[in-house]
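>>> Predicted structure and sequence below. I'll ask about it afterward.
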Amino acid sequence: MFAKPMVDQFKETASLVGLMDINIKRAEAANKILKTNLPVYNDFNKAMKELKIDTVLVATRDSQHVEYIIKSLKAGKDVVTEKPLCIDAAQCKKILKTQKETKKKVYVTHNYRYQPCMMLIKKMLKEGVIGDILFIDFHEKLDRLHGADYFRRWHRVKKNSGGLMIHKSCHCFDLMNWFVDSEPVEVVATGDLVVYGKNGKFRSKRCRGCAHQSKCEFYVDMFPENSEANDLYLNAESEDKYYRDACVYDKEIDIEDIANVLYYYKNGVRVDFSLMAFTTYEGIDIIIEGTKGRLEYSVIHDNSWMAGKVTVHGLASSLGEKLVLYTSEGVKNMEIPKAEGTHGGSDPLLRKDIFIERIPNSPLATLEEGINAVLVGDAANKSIKTGKPVKIKDLRK
Ligand SMILES: NC(=O)c1ccc[n+]([C@@H]2O[C@H](COP(=O)([O-])OP(=O)(O)OC[C@H]3O[C@@H](n4cnc5c(N)ncnc54)[C@H](O)[C@@H]3O)[C@@H](O)[C@H]2O)c1
């Protein structure tokens with residue numbers, strides 16, 4: 001996400017000065033992939049002492065962001081962290097306290113905001129095209145390729161990722177916070193694990209060498225010859241036993257693969273959100289109902305596993321994004337600006353915003369915005385656990 005473009009594209013305005021990973025083999029593999037000879041560390045304090053650093057880019061597991069953000073701020077560095085900012089309200093409080101004490105900056109790379117269509121929706125909402133927002137209906141569907149990947153590795157344990165309500169849905173909660181431009185108040189949620197983990201009829205440690213390969217729909221060969229995955233994961237396993245292709249039916253999985261979340265904002269906007277991580281096709285549907293009109297957004301992503309394997313009648317015509325505006329003047333299909341690059345063209349724009357200069361109306365998420373996304377996810381987690389509504393103000397205490 002950051003390292004390669006920094007080395008290849010942003011040499012004039014940013015320089016990558018070192019790599020730190022608890023697994024030194026993975027840091028060395030990064031050097032090989034980047035074609036660099038950067039100093040590598042598995043000791044963060046040593047890296048901070050030896051390198052000349054302005055900003056630390058945090059891209060470790062979600063649960064460990066807090067440790068590196070706080071250490072960096074205390075060492076007088078600014079921080080750009082991968083989403084989610086961290087995994088719960090307690091970690092948010094620690095980060096906020098340190099940021100206030102040190103007065104250094106923290107930004108969260110909520111790249112979803114940078115997708116051209118999301119920026120267009122934000123602009124239309126700001127211009128009042130549908131009046132005041134009353135209600136958002138937001139459904140995220142992850143397919144059996146992409147969705148399953150969260151059940152193969154560290155994300156599948158809540159203490160590492162906060163579950164999908166934090167790791168994945170933080171993108172959606174952040175988008176809605178940004179659209180609505182108000183504070184979330186109270187959240188109620190339900191969730192379950194209905195496909196992966198304990199639900200499997202058979203299981204193994206990992207796909208590589210698994211005896212169930214021929215009958216398992218989730219079998220993958222993650223390590224084709226000469227792939228980057230070999231260097232980054234397979235050849236580095238000896239250090240930390242991190243299996244990139246671990247079994248999706250492992251009984252240690254304790255995160256949900258389906259969840260429904262209802263919540264509302266200070267300005268009265270209500271939200272109905274759902275996430276599924278096992279759908280046949282991947283996509284997103286958003287309806288934003290306002291006092292003067294409605295916006296409907298939908299997308300089917302072409303990583304859909306069915307699309308990849310067979311020609312499905314009608315699929316090609318439904319691929320891509322649609323944004324429809326309904327007002328008293330009629331129904332209008334909006335033209336969505338096109339952008340090249342990963343995550344729907346959002347990543348190159350985000351990197352430009354960070355590494356060159358702020359783009360006009362920069363959507364770069366601040367610390368407070370990163371916190372608000374985590375708080376909705378944490379409230380959902382707590383509500384799923386207790387069966388009760390959770391007030392955001394109680395999480396801030
Ligand atoms: N914005 C996006 O679209 C997007 C996409 C993918 C990942 N991410 C985020 O990027 C981060 C990394 O995800 P990933 O998919 O690259 O995971 P990964 O497992 O491939 O990489 C994480 C790295 O952290 C290292 N690590 C583990 N424990 C550590 C510790 N205690 N100290 C230092 N390093 C440690 C691991 O060795 C590994 O190299 C996550 O926070 C994730 O949410 C964001």
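Looks like it arrived, so ask away. Numbers count the residues shown, from 1 in each chain.
>>> drop to CA atoms for contacts and neighbour counts, all remaining ones
Noted.
>>> how near is the nearest residue to V40 once chain neighbours are set aside to E228?
Nearest residue to V40, sequence neighbours excluded (C-alpha to C-alpha, 6 or more residues apart in numbering): L19, at 4.9 Å. With distances taken as C-alpha to C-alpha, to the nearest Å, L19 is found 17 Å from E228.
>>> residue farthest from the centroid of this protein?
E329 (36.7 Å; C-alpha atoms, centre = their mean).
>>> give me every residue that touches it.
Applying C-alpha atoms under 8 Å, 6 or more residues apart in numbering to E329 gives no contacts.
>>> L19 and E228: which has the busier surroundings?
Taking other C-alpha atoms under 10 Å, L19 and E228 do not tie; L19 has more neighbours (20 against 15).
>>> so that one makes contact with A27?
Yes. Between L19 and A27 there is a contact at 6.1 Å, judged by C-alpha atoms under 8 Å.
>>> so what sits against both of these two?
V40, Y41.
>>> ok, longest helix in the chain?
Looking across the chain with DSSP state H, the single longest helix is helix 367-386.
>>> Can you show me the CA trace of the strand or helix carrying M124 as PDB?
Assessed by DSSP states H and E, M124 sits inside helix 116-126. The C-alpha trace of helix 116-126 is given here as PDB (Å, rounded to 0.1, in the frame of the first residue of the first chain):
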ATOM      1  CA  PRO A 116     -14.500   8.600  -6.700                       C
ATOM      2  CA  CYS A 117     -18.100   7.600  -6.200                       C
ATOM      3  CA  MET A 118     -17.900   8.100  -2.400                       C
ATOM      4  CA  MET A 119     -16.300  11.600  -3.000                       C
ATOM      5  CA  LEU A 120     -19.200  12.300  -5.400                       C
ATOM      6  CA  ILE A 121     -21.800  11.200  -2.900                       C
ATOM      7  CA  LYS A 122     -20.200  13.300  -0.100                       C
ATOM      8  CA  LYS A 123     -20.200  16.400  -2.500                       C
ATOM      9  CA  MET A 124     -23.900  15.900  -3.400                       C
ATOM     10  CA  LEU A 125     -24.800  15.500   0.300                       C
ATOM     11  CA  LYS A 126     -22.900  18.600   1.200                       C
END
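>>> contacts for it?
Contacts of helix 116-126 (C-alpha under 8 Å, 6+ apart): 112-113, 130-131, 133, 178-179, 323, 336-339, 344-346.
>>> Please enumerate the strands of the stretch 51-200 of the chain.
In the stretch 51-200 of the chain, the strands defined using DSSP state E, counting those that start in this stretch lie at 55-58, 78-82, 106-109, 133-143, 184-192.
>>> So which of those strands is nearest the ligand?
Closest of these to the ligand is strand 78-82, at 5.1 Å (criterion: C-alpha to the nearest ligand atom).
>>> Residue numbers of this structure in contact with the ligand?
When proximity is defined as C-alpha under 6 Å from any ligand atom, the chain approaches the ligand at 21-23, 26, 59-62, 64, 82-84, 111, 167.
>>> Scan these and report the most crowded one.
These, ranked by neighbours (other C-alpha under 10 Å): first place P84, 28 neighbours.
>>> my guess is it meets V108, correct?
Yes. The pair P84 / V108 is scored as a contact, 7.4 Å apart, by C-alpha under 8 Å.
>>> Need the residues touching each of the two.
G370.
>>> buried sites along the helix holding M124?
P116, C117, M118, M119, L120, I121, K122, M124, L125 (16 or more other C-alpha atoms under 10 Å).
>>> so that helix versus strand 133-143, what angle?
Counting by axes from the mean of the first three to the mean of the last three C-alpha atoms, to 10 degrees, helix 116-126 lies at 170 degrees to strand 133-143.
>>> Helix 116-126: how far from the chain's middle?
Its chain's average C-alpha position is 20 Å from that of helix 116-126, according to C-alpha atoms, centre = their mean, to the nearest Å.
>>> what about the strands of the stretch 51-200 of the chain, which gets the closest to M1?
Proximity to M1, assessed across these by C-alpha to C-alpha, is greatest for strand 78-82 (9.5 Å).
>>> Which strands border the closest one, and is each parallel or antiparallel?
strand 55-58 (parallel), strand 106-109 (parallel) (DSSP bridges).
>>> which residues make contact with that strand from outside it?
Residues contacting strand 78-82 (C-alpha under 8 Å, 6+ apart): 54-59, 65, 69, 72-73, 104-110.
>>> repeat that with 6 Å
T55, V56, L57, V58, A59, K104, K105, V106, Y107, V108, T109 (C-alpha atoms under 6 Å, 6 or more residues apart in numbering).
>>> quick one: that strand to helix 367-386, angle?
Using the same axes, to 10 degrees: strand 78-82 against helix 367-386 is 40 degrees.
>>> In this structure E186 contacts K393, no?
No. The pair E186 / K393 is not scored as a contact, 8.4 Å apart, by C-alpha atoms under 6 Å.
>>> more crowded one of the two?
Neighbour tally, E186 and K393, criterion other C-alpha under 10 Å: the higher count belongs to E186, 19 against 12.
>>> now that one: how far from I287?
E186 is 21 Å from I287, by C-alpha to C-alpha.
>>> residues contacting N37?
Here N37 is in contact with N31 (C-alpha under 6 Å, 6+ apart).
>>> now it, what's its secondary structure?
Here N37 is recorded as coil under DSSP: H, G, I helix; E, B strand; the rest coil.
>>> Looking at the stretch 201-350 of the chain, what residue ends up closest to the ligand?
H343 (6.7 Å).
>>> what's whatever helix or strand that residue lives in in contact with?
Applying DSSP H and E as the criterion places H343 in helix 342-355. Identification of contacts with helix 342-355 by C-alpha under 6 Å, 6+ apart yields N111, Y114, Q115, A339, I359.
>>> which of the residues you listed has the weakest pLDDT?
Ranked by pLDDT, the contacts of helix 342-355 bottom out at A339, which has 82.
>>> Residue nearest the middle of the protein, spatially speaking?
Central residue of the chain (C-alpha atoms, centre = their mean): K168, at 4.6 Å.
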